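Participant: Quick one, structure for this:
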Amino acid sequence: MARIVAERADTLPGLIEAFREHGYAGASLSTIGAATGLGRGSLYHFFPGGKREMAEAVLADIAAWFEASVFTPLAYAEDPRAGIEAMMVAIDRYFQSGRRACLMGAWGLGATRDPFAEAITGYFQRWIAALQAALMRGGVAADHALTLAQDVVGGIQGAITLSRALDDPGLFRATLGRLTARLYTALASAG
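Facilitator: Numbering: from 1, shown residues only. As a prediction, this is how the structure comes out:
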């Protein structure tokens with residue numbers, strides 16, 4: 001049954017889940033309508049550009065959440081360990097201990113990447129840069145901080161995949177713990 005939605009932002013949680021679970025190509029307007037509770041006319045009212053505009057809004061919403069909840073606190077925490085801890089807690093919550101797929105990561109793997117390359121690339125670059133900055137504030141050399149940041153973001157993405165594939169949220173949390181320990185060790189060695 002279609003529902004009345006007052007603002008475009010109200011559609012985003014349903015859109016995100018539809019795209020996360022079905023991918024860009026697999027998320028039909030019927031699937032999107034079921035996830036949002038909106039009819040086709042309401043969807044086009046909020047997104048006259050169709051599915052592509054919906055996807056752009058979803059990517060922007062995800063990027064804004066990560067900017068506020070992960071990247072900014074990580075980049076500006078006075079104590080790098082506090083920023084890293086905040087990042088890991090936020091990541092664990094957002095990805096529901098590895099039970100929730102990373103839409104940016106999934107879309108970065110296939111043909112969906114090309115039309116949304118700027119948003120996807122920017123998301124990962126911003127995450128790596130924020131983590132690198134935190135490590136450098138803690139005294140880690142720039143090159144080593146960059147390598148660590150890339151390894152950690154890659155490790156988180158891999159843990160999401162493995163946790164979902166093996167249906168094992170414990171694996172995700174254990175990986176976050178090991179990655180955190182690796183970052184803390186680098187900070188301790190630098191200090």
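Participant: Where is the longest helix in the chain?
Facilitator: Identified as the longest helix of the chain according to DSSP state H is helix 142-166.
Participant: packing partners for it?
Facilitator: Judged by 3 or more C-beta pairs under 8 Å, 6 or more residues apart in numbering; DSSP states H and E, helix 142-166 is in contact with helix 103-107, helix 117-137, helix 169-190. (C-beta placed from N, C-alpha, C; glycine too.)
Participant: Between these, which one is closest to T11.
Facilitator: If you check each of those against T11 by C-beta to C-beta, helix 103-107 wins as the nearest, at 15.4 Å.
Participant: Show me what that closest one is packed up against.
Facilitator: When contacts are defined as 3+ C-beta pairs under 8 Å, 6+ apart, helix 103-107 sits against helix 12-26, helix 50-66, helix 117-137, helix 142-166.
Participant: Buried residues in that helix, which are they?
Facilitator: Residues of helix 103-107 classed as buried: L103, M104, G105, A106, W107 (neighbour count, 16 or more other C-beta atoms under 10 Å).
Participant: just how off-centre is that helix within its chain?
Facilitator: Counting by C-alpha atoms, centre = their mean, to the nearest Å, helix 103-107 is centred 8 Å from the centre of its parent chain.
Participant: swap in stretch 87-105?
Facilitator: On the basis of C-alpha atoms, centre = their mean, stretch 87-105 sits 7 Å off its chain's mean C-alpha point.
Participant: One more: stretch 174-182?
Facilitator: On C-alpha atoms, centre = their mean, the centre of stretch 174-182 falls 18 Å from that of its chain.
Participant: residues of that stretch that come out buried?
Facilitator: Neighbour-count burial for stretch 174-182, counted by 16+ other C-beta under 10 Å, picks out T175, L176, L179, T180.
Participant: so which of those residues would you say is closest to V70?
Facilitator: The closest of these to V70 turns out to be L176 (C-beta to C-beta; 12.8 Å).
Participant: Is it correct that that closest one is in contact with D92?
Facilitator: Yes. The criterion here is C-beta atoms under 8 Å, and L176 meets it with D92 at 6.0 Å.
Participant: Give me the contacts around the longest helix of the chain.
Facilitator: 91, 95, 97-102, 105, 124, 127-129, 131-133, 135-136, 140, 168-169, 171-172, 175-176, 178-179, 182-183, 186 (C-beta atoms under 8 Å, 6 or more residues apart in numbering).
Participant: switch the cut-off to 6 Å
Facilitator: Helix 142-166 has contacts (C-beta atoms under 6 Å, 6 or more residues apart in numbering) with 95, 98, 102, 105, 127-128, 131-132, 135-136, 169, 171-172, 175, 179, 186.
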